[in-house]
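[1] give the three-dimensional model of this entry:
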Amino acid sequence: MANIKVARVDFRLIHGQVITKWIKYYPVDMIMIVDDGLAKDEFMKEIYKMAVPKGIKFRVVSVEEAASVLEQIDKEVFLLFKDINNCVRTIESGVFFDFLVVGGVPGDSERKFISDGINLLPEEFKQLEKLRKRVSEIIFKGIPEENAVTMEKAKEQFS
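    Model prediction:
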């Protein structure tokens, strides 16, 4: 069974500076993206695969496939989600991990600023609050060197 070292929500998924930094802090054998749309898009899978550092395996799976695929592999995994909804659905489908970092979530007029590059809708924050029963630690940060924003601090934006 896979050991999920860290799970991350970041709409950009795999991108140079951030993914390289996160992998230095959490060395893994595999990066796995869980996303229904991307799982069906062979062209985009190849694009993301090119951004994966050498020596690290790469896989894209749908939410439905995630639990069974993770059961079958014996790797240290960095799990990536494009959005909070996919993350929640994946946990509800039977994937468990202890540490979730919410990173890049773009802003608009309806979203609340949590930290640089991280903006949530009230519904997304509520979804994350429900996850706290299953995920030991949920934090908000763009890169590992930043100070994390905790769930308690983020909740102030929705009071």
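
[2] please count neighbours and contacts with C-alpha atoms only from this point.
    OK.

[3] which helix or strand in this structure has the lowest average pLDDT?
    Every helix and strand in the chain was compared by mean pLDDT, DSSP states H and E; the lowest is helix 16-25, with a mean of 82.

[4] buried stuff in it?
    Neighbour counts using 16 or more other Cα atoms under 10 Å place Val18, Ile19, Thr20, Trp22, Ile23 of helix 16-25 among the buried residues.

[5] pairing partners for the helix or strand following it, with directions?
    For helix 16-25, the following helix or strand on the C-terminal side (DSSP states H and E) is strand 30-34. Its sheet considered, strand 30-34 pairs with strand 57-61 (parallel), strand 76-81 (parallel) by DSSP bridges.

[6] all the strands of the protein, in order from the start?
    Assigned by DSSP state E, the strands in the chain fall at 3-9, 30-34, 57-61, 76-81, 99-102, 112-115, 118-120, 137-140, 149-150.

[7] is it possible to export those to TSV including mean pLDDT, distance to Tyr48 and mean neighbour count?
    Conversion of the strands of the chain to TSV gives the following (pLDDT from 0 to 100; distance: least, Cα to Cα, whole Å; neighbours: other Cα atoms under 10 Å):
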stretch	mean pLDDT	distance to Tyr48	mean neighbour count
strand 3-9	95	16	21
strand 30-34	97	10	24
strand 57-61	97	9	18
strand 76-81	96	12	23
strand 99-102	96	20	22
strand 112-115	92	26	18
strand 118-120	94	22	22
strand 137-140	96	23	20
strand 149-150	95	28	15
